[in-house]
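In: predicted structure and sequence below. I'll ask about it afterward.
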Amino acid sequence: MTQAQTQSANAGPGLADYNFAYLDEQTKRMIRRAILKAVAIPGYQVPFGSREMPVPYGWGTGGIQITASLIGPNDVFKCIDQGADDTTNAVSIRRFFAKVGGVSTTEHTGDASIIQSRHRIPEKPLVEGQILVFQVPQPEPLRNLEARETETRAMHAYEEYGLQYVKLYENISNFGRIAATAGYPVMVDDRYVMSPSPIPKFDNPKLHNSPALHLFGAGREKRIYAVPPFTKVESLGFEDYPFEVQSWDEVCGLCGAKHSYMDEVVLDDDNNRMFVCSDSDYCAERRAQGHVGPHAGHELSEIADDVSNETQEVMA
Amino acid sequence: MTALATEERPLNLVPDAPIMRATNVTKKYGLITGCKDVSFDLFPGEVLGIVGESGSGKSTLLNCISGHLNPTSGTVEFATKKRGLTDMFGLSEADRRRVQREELGFVHQNPRDGLRMRVSAGANVAEPLMNLGNRHYGNMREDTITWLNRVELDIARIDDNPRNFSGGMQQRIQIARNLVHGPRLVFMDEPTGGLDVSVQARLLDLLRHLVRRSQLAVIVVTHDLAVARLLADRLMVMKNGYVVETGLTDQVLDDPQHAYTQLLVSAVLQI
């Protein structure tokens, strides 16, 4: 890291303020303009000049660029990967912004003003003023079925969305139900069909009329799109096979939650397994409130607690 | 069996109003002429054959009149349900695409061009219904099965990928896909090209049957005079981009007037 960047990281006076949080100001202006356009046309994919980031494409460059152009010294930043705050990618992106912007970071959904995520929307309902930034690998929901960009653009322009249903049709004919789970297409504001990044369809209903701002950044594909607060977001489905979310018979092994999104953890070779909340902050918060699950006190919960304490220390 | 869109369609068109009218359609690729000054009227339920050797401008003409290729000069009018006889290229792109999607069909010579090779045969046939806004899986499935029956495909293979079907079967899937939504005019570019003779004969039989029962207008491009004789009511003979002769099929084939048509007819192999 050069001297100038170190200075900017400390957010000191003078020139150091000029390049706050990694990106140069001209790039941020360009990205903010794209964000404004995306917010003005919910669900529409706005092209932007994606920059080289210090991580490879596919590691969240789109999300990092959006965060970098929005974040300010007073923001509190949270980053999750697969729902957890303590996975490698989440930890390194959080550290990145702590270093280049000197912003404070948190693991608590309620405390964060900007949350960057790939696979999940936090279980705790977002509130007005919060921004959720998604890292999107493939912004085009029609891409698997139609390879031509000119054609998919025309389809969006003229609202020709019959093709999107072909995918769901195939699902039903193969599995007897709509088996697609991640990146389940949604109709935003009755106009644009949008891919909500690879979040599980469990999280799709959370987008509907959410008070928070949802921004989607695809670095490699150079697209930004948005779901502004209080926007109608409807998951697609057939009349006789409507959209439905996943549910689990089990409760969270650590905190006993019934209605959160669960990860299955294999415990040994004897077919023992437990289900735990994929949202680590939600699970920890429930445990702190005294909720207990059937596997409470399992060594995994201690590991999880240790890691989060450790990360807090590093951040501090 | 459910009633299909093609059968439900009320035939309230005035019989002598053309469904398509081409006027002096000319397409030039730079200095090269694709087709020149082609004019014709096509009426509902009529099958028009366009014959000629390769390079005679058949496919260029077909692309122009199907709304895919803007002609250099001349007009192509199609009688849409809403507007009546309308200039295809005067429509906005959105409206033209809607007309193409809802009221026209296009059977490509190579089924790979007309099918989505990565989705199942059933989904390929159902896609035009979804494009029309049908959102009921059960109904679409029924219509798909009806049509796969009509084109004599094995229903057990409805969820197979098109690439697992033979060339003739793929062509039949493509035909089902282009008829399922009840179009009023279907374009066919060499629908039996590349198929062996017995498959070709059955496919032609099938096509003739489907066309007759649904009162569909068809424009079929072919270099095969036997296909033209079986399917077409009227023929247009093209050479070097010009229409050199036009008339009823038997009239053109049995009593060709133009030297080129005479050559073409006499060139057919006799067994």
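Out: Arrived safely. Just so it is clear, the structure is predicted and the values come from calculations on it, not from any experiment.

In: next one: the one helix or strand A:D281 maps to to chain centre, how far?
Out: Element membership for A:D281, per DSSP states H and E: helix A:280-288. Offset of helix A:280-288 from its chain centre (CA atoms, centre = their mean, to the nearest Å): 19 Å.

In: average pLDDT for that helix?
Out: Averaging pLDDT along helix A:280-288 yields 91.

In: ok, and what's touching it?
Out: The contact list for helix A:280-288 (CB atoms under 8 Å, 6 or more residues apart in numbering or on different chains) reads A:80, A:83-86, A:107-109, A:122-124, A:252, A:254-257, A:260, A:276-277, A:296, A:301, A:304-305, A:308. In this view, the C-beta of every residue, glycine as well, is placed from N, C-alpha and C.

In: quick one: low-confidence ranges for the chain?
Out: Went with chain A since none was named. A:1-18, A:300-316 (pLDDT under 70).

In: actually it's chain B I care about, not the one you picked
Out: B:1-15, B:269-271.

In: which one is the residue in the stretch 51-200 of chain A that chain B sits nearest to nearest to, not counting chain neighbours?
Out: Minimum separation of the stretch 51-200 of chain A from chain B (CB to the nearest CB) falls at A:G162, amounting to 3.3 Å. Nearest residue to A:G162 in three dimensions, chain neighbours excluded: B:N131, at 3.3 Å (CB to CB, 6 or more residues apart in numbering or on different chains).

In: OK, contacts around the residue lying closest to A:G58 once chain neighbours are set aside?
Out: Closest residue in space to A:G58, ignoring its immediate chain neighbours: A:P137 at 6.4 Å, by CB to CB, 6+ apart. The contact partners of A:P137, by CB under 8 Å, 6+ apart, come to A:58, A:197-198, A:218, A:220-221.

In: so is A:P137 in a helix, a strand, or just coil?
Out: Secondary structure assignment for A:P137 (DSSP: H, G, I helix; E, B strand; the rest coil): coil.

In: return the distance of it relative to A:G63.
Out: Computed as CB to CB, to the nearest Å, the A:P137 to A:G63 distance reads 11 Å.

In: for the stretch 101-250 of chain B, what lies in contact range of chain A?
Out: B:101, B:116, B:118-120, B:122-123, B:126-128, B:130-133, B:135-138, B:140-141, B:158-159 (CB under 8 Å from any CB of the partner chain).

In: in whichever strand or helix holds B:L230, what's buried?
Out: Assigned by DSSP H and E, B:L230 belongs to helix B:225-231. Across helix B:225-231, burial judged by 16 or more other CB atoms under 10 Å in any protein chain shown covers B:225-231.

In: dump those residues to CSV, plus distance to A:T27.
Out: Below are the buried residues of helix B:225-231 laid out as CSV (distance: CB to CB, whole Å):
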residue, distance to A:T27
B:L225, 65
B:A226, 66
B:V227, 61
B:A228, 63
B:R229, 67
B:L230, 65
B:L231, 62
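
In: ok, which stretches of chain A are strands?
Out: Along chain A, counting by DSSP state E, strands occupy A:46-47, A:76-80, A:104-105, A:114-117, A:131-135, A:186-188, A:192-194, A:213-218, A:223-227, A:233-235, A:262-266, A:273-277.

In: between the two ends of stretch B:186-201, how far is it?
Out: This stretch, stretch B:186-201, spans 20 Å end to end (CA to CA, to the nearest Å).

In: list the buried ones in it?
Out: In stretch B:186-201, counting by 16+ other CB under 10 Å, buried: B:186-193, B:195, B:199-200.

In: so can I have CSV of those residues showing secondary structure?
Out: Shown next, in CSV, are those (three-state DSSP):
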residue, secondary structure
B:V186, strand
B:F187, strand
B:M188, strand
B:D189, strand
B:E190, coil
B:P191, coil
B:T192, coil
B:G193, coil
B:L195, coil
B:V199, helix
B:Q200, helix
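
In: most widely separated two among the residues you listed?
Out: B:F187 and B:V199 (21.3 Å; CB to CB).

In: residue of chain B nearest chain A, please.
Out: Closest point on chain B to chain A, by CB to the nearest CB, is B:N131, at 3.3 Å.

In: quick one: residues contacting that residue.
Out: A:160, A:162-163, B:101-102, B:181.

In: reformat those residues as a markdown table; add neighbour count and distance to A:S247.
Out: Formatted as a markdown table, the contacts of B:N131 follow (neighbours: other CB atoms under 10 Å in any protein chain shown; distance: CB to CB, whole Å):
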| residue | neighbour count | distance to A:S247 |
| --- | --- | --- |
| A:E160 | 19 | 33 |
| A:G162 | 19 | 30 |
| A:L163 | 21 | 29 |
| B:R101 | 17 | 38 |
| B:E102 | 18 | 39 |
| B:H181 | 24 | 37 |
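
In: could the residues you listed be laid out in a markdown table, adding distance to B:L91?
Out: Below are the contacts of B:N131 laid out as a markdown table (distance: CB to CB, whole Å):
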| residue | distance to B:L91 |
| --- | --- |
| A:E160 | 15 |
| A:G162 | 20 |
| A:L163 | 21 |
| B:R101 | 13 |
| B:E102 | 13 |
| B:H181 | 19 |
